[in-house]
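[1] Fold the following and give me the result.
(2 chains)
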Amino acid sequence: MVRSGEGPLKPPRSASSRRLVLASKVRSVIPVRLSALSEAFFVAAGSLRANKLRTALTLMGIVVGVSAVIAVVTIIKGLDQTVAQTFSSQGSTVFTVSKNPQIIRSREEFVKFNKRKDVTRDDAEAIARLCTSCWRVGIAGNAVETVKYADQKSDQVRIRGVEPTTMFAIDGVNIDVGRIWTEGEAESGRDICVIGADLLQNVFGGAPADRALGEEIRIAGRPYKIIGVLEPLGSIFGFSRDNVVYTPYATYQKSYGSRRSLVVFVQVPTADRLEIAEDQVRTIMRSRRGKTFGEQEDEGFSLETQDVFLNLYSSATSNIYIVTIGVAAISLVVGGIVVMNIMLVSVTERTKEIGIRKAMGARRKDILTQFLIEAVTVTAIGGALGVVTGFGLAYIISALIGFPLLISAASAILGVGVSSVVGIISGLWPAWRAARLDPIEALRAE
Amino acid sequence: MSDLTYAPSVTEKIFQAESADLRPDPTALISMRNIWKTYQMGTEEVHALHGVSFDVHKGEYIAIIGPSGSGKSTLMNLIGCLDTASQGDYWLNGKNVSEMDDDELARIRNQEVGFVFQTFNLLARATALHNVELPLIYGGISSSQRHEMAKKALSAVDLSDRVMHRPNELSGGQRQRVAIARALVNHPSILLADEPTGALDTHTSMEIMDLFERLHDEGNTIIVVTHEHDIAARAHRILSIRDGLIEKDEKTK
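    Prediction:
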């Protein structure tokens, strides 16, 4: 029979027939028969096996998307962890008092902080004397210089003049070879130093640590005798924490004078004492700067824990992360479009099969389920492969950059889960098209 | 004037006759009453069936014959519940099928109708066994029971040795026998065959028709749609369709 695009006329349904429909709706509450469900899996597996190239292409689309997301998430987590560990290596038991905060956000702030009085040795002594909750108090002056030894030199070395020697403990560094200076040496401002592990590499050509002991390096033209070498701390983002020279504060002062503002380091015995200690130090410093509580004007000093770095880091990077993950997720969307495309082709190709199944008694939801399962099977397998390749990518990148690889089950489950959802979304329309095919038209298809 | 007063009673009589005619035969397996099928072709309405009525009783062997365009394919689709009528009522095994929705029709096709097609319509990638299992799958029958029923159906059409073969490993006659096993596996009320020998050579055609005869002898109700008179002649009753109407309904055996 010739048929047009428009459907056949149907008589209006009577009330009794509507009741009949209702009864059947109640019966079909059981979503899909188990036998039809296992058939759907069987058919999906068969169809995926039969069209290997097509399956491979579909898989690829999902694998690329999921692995991109997994790699990005894994790398970000690794970076976060590294940063958190690095900045908290001094522990949450250390805070600093300084003229300028570690982060200056604007020119106005810069101008404001420059008007402050320098933080001096007297301030440190007052804190050490008056703060009962403080455990260790030390001072540090910082500079950046080029270090020379014979014809070797190393640029951008941090010079740290510290007092007393407990600053080594506050900084969380340990002597590997040699010794720390004595109190006498420190007071007399002898030209001695303790060097970081990087200098062994950079100016001693990788010689063993004990070879460097007793040697003289030149910093800003002045000779310093090496009395100790520090254990390496490692690097973060390619920025080494071992490219440092420690000298007694008095020695530092000979080169840099006492005009430079210094930083007071305070350590409390346990983290729960931090707040009390901070309050005490704040009170001491305010009275020394002639400030009272409740004033709106600048208090004249900056009291900071290492958390400021973490806070800055997370505020600066969180948006970047969201954008990066978003960009990676776009490839997953593209993968979903690939799946939809392939599923549409598959439905068109198998119109006859759909007709046969409908003639044999498959209901709309049986057909719908069959194609949905096919789409979800492909995307779930793609998701699993994507998780593996994503972790692989993250592994390679983390090995190259140098940070720990954090493989979490959560992101693996998320990867497979998200790709399955992509499968459902992109499979829904093709499956729905298949389900509402007219059995007669479908049987006529070649 | 007297003529005019008499006229309504004639109409009344006709109406009564029609409404009596519209009642289904409760003893019949298939009872079609005043079935119309209308297609919309652009602005024009085309009637494929113009009020067809007939009954089929259990155990009958019927051929529906007619030239192409006569409406016999439309009628077959309606009998097989692949489509619904535009107008009229169709009772199949006591159920009024004409007002069912898609899913209910699917259920009727699954339970009441066994299809045999001209081009076999087997799933190419599935084995003979799996093809025969198909109606049982959508009937929600457990896998072990399915295997057993499907094997039994295959042995009933003498294909016990071809259970794990795929359609492309079978001859045309064997494929059609797989299709017949599939049609019968669910013990449907009717076996509905559309040009079952149309794709087969004469010798194989005769084998298939012999098989139909045997199935009829075993008590199955068979409806064969064909345009070939010698195939129709094997049936015990022939319905001739022309221009959307039953032209002749004759018992031949």
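
[2] Just the pLDDT for the spatially closest residue to residue B:58 that is not a sequence neighbour.
    Excluding the flanking residues, the one nearest residue B:58 by C-beta to C-beta, 6 or more residues apart in numbering or on different chains is residue B:29, at 4.8 Å. Every residue, glycine included, has its C-beta placed from N, CA and C. Listed pLDDT for residue B:29 reads 94.

[3] what's the neighbour count on residue B:29?
    Counted with other C-beta atoms under 10 Å in any protein chain shown, residues neighbouring residue B:29 total 19.

[4] same question, residue A:111
    Once other C-beta under 10 Å is used to define contacts, residue A:111 is seen to have 10 neighbours.

[5] How about residue B:165?
    For residue B:165, the neighbour count with other C-beta under 10 Å is 16.

[6] where does it fall, phi/psi-wise?
    For residue B:165, the backbone dihedrals (degrees, to the nearest 10) come out as phi -80, psi 150.

[7] hang on, residue B:76 packs against residue B:225?
    Yes: because the distance of 4.6 Å satisfies C-beta atoms under 8 Å, residue B:76 is recorded as touching residue B:225.

[8] Settle it for me: which of those two has more neighbours?
    Remark: of residue B:76 and residue B:225, residue B:225 carries more neighbours, 27 against 22, as counted by other C-beta under 10 Å.

[9] Now do the SS call for that one.
    Following DSSP: H, G, I helix; E, B strand; the rest coil, the label given to residue B:225 is strand.

[10] so residue A:245 sits in a helix?
    No: counting by three-state DSSP, residue A:245 falls outside a helix, being strand.

[11] the strands in the chain, which residues?
    As the question left the chain open, I've gone with chain A. A:94-98, A:136-149, A:152-163, A:175-178, A:192-195, A:216-219, A:222-230, A:235-236, A:239-240, A:244-248, A:263-267, A:302-305 (DSSP state E).

[12] could you do chain B instead?
    For chain B, applying DSSP E gives strands covering B:30-41, B:44-56, B:61-65, B:87-92, B:95-96, B:113-116, B:190-194, B:221-226, B:237-242, B:245-251.

[13] which neighbours do residue B:76 and residue B:225 share?
    The contact sets of residue B:76 and residue B:225 overlap at B:64, B:192, B:194 (C-beta atoms under 8 Å, 6 or more residues apart in numbering or on different chains).

[14] Which one of these is nearest to residue B:152?
    residue B:192 (21.1 Å; C-beta to C-beta).

[15] Please name the bridge partners of the closest one.
    Listed beta-bridge partners, residue B:192: residue B:115, residue B:223 (assigned using DSSP bridges).

[16] Please apply the same query to residue A:230.
    Here residue A:230, judged by DSSP bridges, has bridge partners residue A:175.

[17] burial of it, as a residue count?
    Neighbours of residue A:230 (other C-beta under 10 Å): 26.

[18] can I assume it is in contact with residue A:243?
    No: Residue A:230 is not in contact with residue A:243 according to C-beta under 8 Å; the separation is 10.9 Å.

[19] Overlap in contacts, these two.
    Common neighbours of residue A:230 and residue A:243 (C-beta under 8 Å, 6+ apart) are residue A:196.

[20] How about the contacts made by residue A:273?
    For residue A:273, the contact set (C-beta under 8 Å, 6+ apart) comprises A:93, A:133, A:135.

[21] what's the answer for residue A:251, then?
    Residues in contact with residue A:251 (C-beta under 8 Å, 6+ apart) are A:161, A:186, A:189, A:190, A:191, A:192, A:193, A:224.

[22] do that again at 7 Å, thanks
    Each residue near residue A:251 by C-beta atoms under 7 Å, 6 or more residues apart in numbering or on different chains is listed here: A:161, A:189, A:190, A:191.

[23] top of the residues you listed by neighbour count?
    Result: residue A:161 is most packed of the contacts of residue A:251 (other C-beta under 10 Å), 26 neighbours.

[24] Nearest spatial neighbour of that residue, chain-adjacent residues omitted?
    residue A:252 (2.2 Å).

[25] ok, now residue A:347?
    residue A:434 (4.4 Å).

[26] Report pLDDT for that neighbour.
    Note on residue A:434: pLDDT of 94.

[27] That one and residue A:366 touch, don't they?
    No: between residue A:434 and residue A:366 there is no contact under C-beta atoms under 7 Å: 10.4 Å.

[28] Taking the stretch 51-200 of chain B, what residue is nearest to chain A?
    residue B:110 (2.4 Å; C-beta to the nearest C-beta).

[29] Phi first, then psi, for the closest residue to that residue other than its chain neighbours.
    Distance criterion C-beta to C-beta, 6+ apart; nearest residue to residue B:110, sequence neighbours excluded, is residue A:361 at 2.4 Å. Geometry field for residue A:361 lists phi and psi as phi 110, psi 10, criterion degrees, to the nearest 10.

[30] Around residue A:361, how many other residues sit close by?
    Summarising burial for residue A:361: neighbours were counted as other C-beta under 10 Å, giving 27.

[31] Please give me every residue in contact with it.
    If you count contacts by C-beta under 7 Å, 6+ apart, residue A:361 has them with B:106, B:107, B:109, B:110, B:135, B:138, B:139.

[32] coming back round to it: the residue nearest to residue A:161 and residue A:260, how far apart?
    9 Å (C-beta to C-beta, to the nearest Å).

[33] Find residues that contact each of those two.
    Taking C-beta under 7 Å, 6+ apart as the contact criterion, the common neighbours of residue A:252 and residue A:260 are residue A:141.

[34] which of the contacts of residue A:273 tops the neighbour count?
    Busiest of these [other C-beta under 10 Å] is residue A:93, holding 21 neighbours.

[35] ok, that one touching residue A:272?
    No: contact criterion C-beta under 7 Å: residue A:93 and residue A:272 do not qualify, at 9.6 Å.

[36] Run through who's touching stretch A:217-235.
    For stretch A:217-235, the external contacting residues (C-beta under 7 Å, 6+ apart) are A:145, A:147-149, A:159, A:173-181, A:191-197, A:200, A:203, A:209, A:212-216, A:241-242, A:245, A:247, A:255, A:402.

[37] can you dump the C-alpha coordinates of it into PDB?
    Extracted in PDB, the C-alpha atoms of stretch A:217-235 (Å, rounded to 0.1, in the frame of the first residue of the first chain):
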ATOM      1  CA  ILE A 217      82.700  31.200  48.600                       C
ATOM      2  CA  ARG A 218      82.300  34.900  47.700                       C
ATOM      3  CA  ILE A 219      79.000  36.600  48.200                       C
ATOM      4  CA  ALA A 220      78.800  40.200  46.900                       C
ATOM      5  CA  GLY A 221      82.600  40.200  46.800                       C
ATOM      6  CA  ARG A 222      83.000  39.200  50.500                       C
ATOM      7  CA  PRO A 223      84.500  35.700  51.400                       C
ATOM      8  CA  TYR A 224      82.600  33.300  53.500                       C
ATOM      9  CA  LYS A 225      83.900  30.000  54.900                       C
ATOM     10  CA  ILE A 226      81.600  27.100  54.600                       C
ATOM     11  CA  ILE A 227      81.100  25.300  57.900                       C
ATOM     12  CA  GLY A 228      78.000  23.200  57.100                       C
ATOM     13  CA  VAL A 229      75.800  21.800  54.300                       C
ATOM     14  CA  LEU A 230      72.000  21.400  54.600                       C
ATOM     15  CA  GLU A 231      70.000  18.400  53.800                       C
ATOM     16  CA  PRO A 232      68.100  19.000  50.500                       C
ATOM     17  CA  LEU A 233      64.400  20.000  50.700                       C
ATOM     18  CA  GLY A 234      63.600  19.500  47.100                       C
ATOM     19  CA  SER A 235      61.900  21.900  44.700                       C
END
